[in-house]
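> using only what follows, build the 3D model:
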Amino acid sequence: MLFGGLPYLLLFLSTALSLVHGPPPARRLLTTLGLAAVAAGWILATYTLPTGRRSRQPYGTVRTAVYFAGLLALSAALMARDQVFMLFAATGFLQALVLLPTVWALVSVAATSFVVNTVPDGFPRPTTGAVVGYLAAIAFQTVVIGWINLLSSRLNEQHQRRKRTVAELRSALTENAGLHAQLITQAREAGVLDERQRMAGEIHDTLAQGLAGIIRQLEAAEHAEGDRQMWRRHLVAAKDLARDSLAEARRSVQALRPEQLESRTLPDALESLVEGWSQEREPKVAFATNGTAIPLHAELEATLYRVAQEALANIAKHARASKVGITLSYMEDVVVLDVLDDGVGFDPVAAEAEAGTSGGHGLGLVAMRRRLGRVAGTLDIESARGEGTAISAAVPAIPQEAGA
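Got it, this is the predicted structure:
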C-alpha cells in the first residue's frame, strides 16, 4: 500500500512545498497545478489501475517503460517550473528496480539522474571539468542508487521466499498432523476388526473348548453316580475347567483396552506396571522417562503399554535376566519405548516364525509388530543367545487432541 501510494505522496509534498516556497502568479500557479493533476492522472492510468493491489509486482516491461517515460517527462516539466519537484522526480529512483528487469531498471535510473541533473541548471558549460563533473554525477547516482535499489529488491525477494517457505511448512505440518490422525482413525477401525477376529479365535480355542469340556465332565459325572470316587474326579475336573475358562475370559477382556490408562498418564501407567512386576518376581526393573511427556493419541498409548506388558511377560518366561530396564523417550516426531535385559537372549527371526504358526495365543512378537504396524509404528528387536535382548518400539508423536 505504501509503495503504491509513494508517487502520489511525493507529488503532493512537492506541490505543497512549491506553494509554500513562494506563491507564483495566478497563471503560473494554474499551470503548475494543471501539470500536477496531469501527473496524478498519468500515474493512476498507467500504474495504479494496471497493478491493482500488487503495486510491487512487475506488470510488463513495455507498459512499465511507457509509465516511466511519461513520469520523467512530467517530472521535467514540473522541475522546469520549480526545482522543488526534484522530490517528485525521485519516484523514478525508488520504483525502477522494483518494477523493471535489471538492465531496463538501470537505464531508467540513469534517465532519472539525467533529468534531475540537467533540468534545474541546464547542460554544463563546454569545458572538460564541467562535462566530466556532470557525467560523473550522473554515473555516480546511477551506480549507487541502482545498487541500493537492487540490494533492497533482492532482500525483499528473499523475504517473500522465506514467507512462502514458512507458509508451506506450516501447511505441510498441519496436513501431516491431519494425515497422521486419519491414519490412526483408520488403524483403529482396522484394529476393531482385528480384535473381533482375535476374540472369535480365542472364544473358539479356549472358552468354547472349555465349556465343551465342562459339559463332558458333568455328563460323565452323571454316568458315574454309582462310583463316588469317579463322580468326584469328574466334578473336580469340571471346576478346574470352569476356573481356567474364567481366567481366559478375563485375559481376553484385559487385552482390549488397558484399564491402567483410563486414569493415568502413560509414564505413570508404565511405572505402576513395573512396580507390580518387580514386587512379584526378580529382578527389579529400572524405569525412566526422557523428554517432555505429552498425552498421546489413545491408540498409541495403548499400543506402547501392551508392548511393555508383552516384553515383561517374555522376560519372566524366558530371559532368566538379572537386570531389566525400560525407558520411555519423548522426541520431536516419535515416542520410543526401549526394553532391555541381560538374559539368555534368543533368535528373533526363529521366534517370530514360531509365534506366527502357533495359533495366535497371546500377543507374542508377531502380534506386537502387528499392533505397532496399525498405528504406523515400528518394532526393532536385537538379541542373540547369551547376549540379552533389546526391544525398541517407536510410534509417531501424535498428540491427544490431533486424534480427537
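> who's in contact with the nearest residue in space to Y47 that is not next to it in sequence?
Closest residue in space to Y47, ignoring its immediate chain neighbours: Y67 at 5.1 Å, by C-beta to C-beta, 6 or more residues apart in numbering. C-beta: built from backbone N, CA, C; applies to glycine. Going by C-beta atoms under 8 Å, 6 or more residues apart in numbering, Y67 touches W42, I43, T46, Y47.
> state the helix or strand in which the spatially most distant residue from the centre of the chain lies.
Note on the chain: the largest C-alpha distance from the chain mean falls to G226, namely 77.3 Å (C-alpha atoms, centre = their mean). Using DSSP states H and E, G226 sits within no helix or strand.
> pull the contacting residues for L100.
P58, T61, T64, A65, F68, S108 are the contacts of L100 under C-beta under 8 Å, 6+ apart.
> pLDDT at it, what is it?
For L100, the pLDDT comes out at 73.
> quick one: it from L106, how far?
Computed as C-beta to C-beta, to the nearest Å, the L100 to L106 distance reads 9 Å.
> cool, T289 as well?
On the measure of C-beta to C-beta, T289 and L106 end up 63 Å apart.
> who has more neighbours, those two?
L106 (20 against 17; other C-beta atoms under 10 Å).
> show me what the strand or helix carrying the more buried one is packed up against.
Assigning secondary structure by DSSP H and E places L106 in helix 102-118. Helices and strands touching helix 102-118, by 3 or more C-beta pairs under 8 Å, 6 or more residues apart in numbering; DSSP states H and E, are helix 61-81, helix 86-89, helix 91-99, helix 128-202.
> can you list these in TSV and add distance to L10?
Formatted as TSV, the helices and strands packed on helix 102-118 follow (distance: least, C-beta to C-beta, whole Å):
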stretch	distance to L10
helix 61-81	10
helix 86-89	5
helix 91-99	5
helix 128-202	15
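> and those, which one's lowest on average pLDDT?
Of all those, mean pLDDT reaches its minimum on helix 128-202 (a mean of 73).
> picking up where we left off before, how about residues contacting the helix holding L106?
61, 64-65, 68, 72, 75-76, 79, 86, 89-90, 92-93, 96-97, 99-100, 134, 137-138, 141-142, 145-146, 149-150.
> list the contacts of P396.
If you count contacts by C-beta under 8 Å, 6+ apart, then P396 has H180, L300, D333, V334, V335, V375, A376, G377 around it.
> quick check: PyMOL command selecting the buried ones in the contacts of helix 102-118.
Buried members of the contacts of helix 102-118, defined by 16 or more other C-beta atoms under 10 Å, are picked up in PyMOL with:
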select buried, resi 64+68+72+75+76+79+86+89+90+92+93+96+97+99+100+134+138+141+142+145+146+149+150
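> tell me the domain boundaries of the chain?
2-122, 260-404 (automatic domain parsing).
> what's the closest of those to D240?
Closest to D240 of the domains of the chain is domain 260-404 (C-beta to C-beta; 18.9 Å).
> do a quick rundown of the helices in the stretch 251-400 of the chain.
Along the stretch 251-400 of the chain, counting by DSSP state H, counting those that start in this stretch, helices occupy 266-280, 298-314, 348-356, 364-374.
> would you put the C-alpha positions of the last one in CSV?
This file holds the C-alpha atoms of helix 364-374, laid out as CSV (Å, rounded to 0.1, in the frame of the first residue of the first chain):
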residue,chain,number,x,y,z
GLY,A,364,3.6,-62.6,21.0
LEU,A,365,6.3,-61.0,18.9
VAL,A,366,4.2,-61.1,15.7
ALA,A,367,1.2,-59.5,17.5
MET,A,368,3.5,-56.8,18.9
ARG,A,369,4.7,-56.0,15.4
ARG,A,370,1.2,-56.1,14.0
ARG,A,371,-0.1,-53.8,16.8
LEU,A,372,2.6,-51.2,16.0
GLY,A,373,2.1,-51.5,12.3
ARG,A,374,-1.6,-50.5,12.8
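> now that helix and helix 298-314, what's the angle there?
Helix 364-374 and helix 298-314 are oriented at 170 degrees to each other (axes from the mean of the first three to the mean of the last three C-alpha atoms, to 10 degrees).
> can you pull the contacts of the spatially most central residue of the chain?
Residue closest to the mean C-alpha point of the chain, counted by C-alpha atoms, centre = their mean, is L173 at 2.2 Å. Counting by C-beta under 8 Å, 6+ apart, L173 touches no other residue.
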